[in-house]
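Student: Sharing a model prediction with you, sequence too.
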Amino acid sequence: MPAPDGQPELAPSALPETALWTLYHRAAEARRPDTVLRDPQAVALVDRIDFPFVDRFGPAQPTVARLQALRAGVFDREVTDFLTRSPRGTVVCLGEGLETQYWRTDNGRARWLGVDLPEAVALRERLLPAAPRHRLLAGSVTDHAWLDEVDPGDDLLITAEGLLMYLQPTEVRALVAACAARLPRATFVFDAVPHWFNRLAEAAAKRPGGYQPPRMPWTIGSRSLLADPRTVPLGARRTWFLRVLALDLPDRRARLVRSFGPLDLLRRRPAHPGRPRRQG
Ligand SMILES: C[S@@+](CC[C@H](N)C(=O)[O-])C[C@H]1O[C@@H](n2cnc3c(N)ncnc32)[C@H](O)[C@@H]1O
């Protein structure tokens, strides 16, 4: 089907294209009657736009699609929990791509800021409707200019869903350190992939349509995170803390993900004095 705006077929470059890949898989899972993630906006978008999803990415594999949806669902839960605590808080989505989380979780009062590369922001503006209280900022998360757009006095949740693995390790450290220094009250939620996952992705043959996931320069094992909390600098203040995304949905679908295991399965709680840290 041609693009709704009559523009030529989409041909994004490598990093923005990953946003189409996740969208495609989320939508594939959302079509299932037993879906783990209701995402009508993603389904409608995939049906509407002029992009050769199947030719480029191949048929969506159910396990991969479910994994993407579970990851999105875990981030949704973090957002929903945050908005329950801070209904007028601000959710900052780094590397937002074509994530349709706003439509899954918005409470009608929160503010949203999406940050992505200029090409990805242009893609989002072209394909998704403008959303109330949602702003977009074009630029790399690595130049930290987006921090000027955020009020450190606000209740803040920063998400980085499917993003940090595409950055250089030094960029990840600098980003986290800048957030810790400038947004000491914020919570930062991200996912990470272990070393072997990148090796697997690099070794994988190109899809028939020519798609190959971009390199993932930042990988980290859950053991190293647990063993050495300094792996990612958390900043000096105790109130600012880091959460490593946990796929700990309490049902058998989560176990499917656990056994598949490409994401680090741990959660780090804020370390309050006198309160034991829980992991798992
Ligand atoms: C795998 S997609 C994930 C998109 C979305 N978060 C989701 O889960 O569907 C990765 C996203 O990160 C963005 N990205 C990659 N490097 C970036 C950077 N340096 N600054 C901002 N965004 C970046 C890409 O453009 C893309 O939209």
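Tutor: Received it, and whenever you're ready, just let me know what you need. Numbering: from 1, shown residues only.

Student: dump the residue contacts of the residue nearest to residue 187 when sequence neighbours are not counted.
Tutor: Leaving aside its sequence neighbours, residue 187 sits nearest to residue 157 (CB to CB, 6 or more residues apart in numbering; 5.3 Å). Just so you know, the C-beta spots here come from the backbone N, C-alpha and C atoms, and that holds for glycine as well. Contacts for residue 157 (CB atoms under 8 Å, 6 or more residues apart in numbering) come out as 78, 79, 82, 86, 89, 90, 91, 92, 186, 187, 189.

Student: and the residues you listed, which of them are in strands?
Tutor: Secondary structure defined by DSSP state E assigns 90, 91, 92, 187, 189 of the contacts of residue 157 to strands.

Student: need these in CSV with distance to residue 200 and neighbour count, can you?
Tutor: Shown next, in CSV, are these (distance: CB to CB, whole Å; neighbours: other CB atoms under 10 Å):
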residue, distance to residue 200, neighbour count
90, 36, 21
91, 31, 28
92, 30, 27
187, 30, 23
189, 24, 23
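
Student: ok, how many other residues are close to residue 173?
Tutor: If you count neighbours by other CB atoms under 10 Å, residue 173 ends up with 15.

Student: For the residue in the stretch 151-280 of the chain that the ligand sits nearest to, give me its contacts.
Tutor: Residue nearest to the ligand within the stretch 151-280 of the chain: residue 162 (3.5 Å; CB to the nearest ligand atom). Applying CB under 8 Å, 6+ apart to residue 162 gives the contacts 18, 22, 71, 95, 97, 191.

Student: Distance check, the residue nearest to residue 187 against residue 126.
Tutor: From residue 157 across to residue 126, the span is 27 Å (CB to CB, to the nearest Å).

Student: swap in residue 98?
Tutor: Relative to residue 126, and taking CB to CB, residue 98 is found at 10 Å.

Student: who has more neighbours, these two?
Tutor: In terms of neighbours (other CB under 10 Å), residue 98 is the more surrounded of residue 98 and residue 126; the figures are 25 against 13.

Student: Get me the contact residues on this structure for the ligand.
Tutor: When proximity is defined by CB under 6 Å from any ligand atom, the chain lies next to the ligand at 15-16, 18-19, 22, 95-97, 99, 115-117, 120, 140-142, 161-163, 166-167.

Student: Go through these and flag which are in helices.
Tutor: Among the residues of the chain next to the ligand, the members falling in helices (DSSP state H) are 15, 16, 18, 19, 22, 120.

Student: ok now stretch 154-165, how far from the chain's centre?
Tutor: 7 Å (CA atoms, centre = their mean, to the nearest Å).

Student: buried sites along that stretch?
Tutor: 154, 155, 156, 157, 158, 159, 160, 161, 162, 163, 164, 165 (16 or more other CB atoms under 10 Å).

Student: dump the residue contacts of the last one.
Tutor: The reference is to residue 165. Contacts of residue 165 (CB under 8 Å, 6+ apart): 192, 193, 198, 216, 217, 218, 219.

Student: Any figure for the gap between residue 112 and residue 126?
Tutor: Distance, residue 112 to residue 126, by CB to CB: 18 Å.

Student: Same check on residue 155?
Tutor: According to CB to CB, residue 155 and residue 126 sit 31 Å apart.

Student: cool, residue 87 as well?
Tutor: Distance of residue 87 to residue 126, given as CB to CB: 31 Å.

Student: end to end, how far does stretch 123-140 reach?
Tutor: 15 Å (CA to CA, to the nearest Å).

Student: Likewise for stretch 94-114?
Tutor: Length of stretch 94-114, first residue to last, CA to CA: 6 Å.
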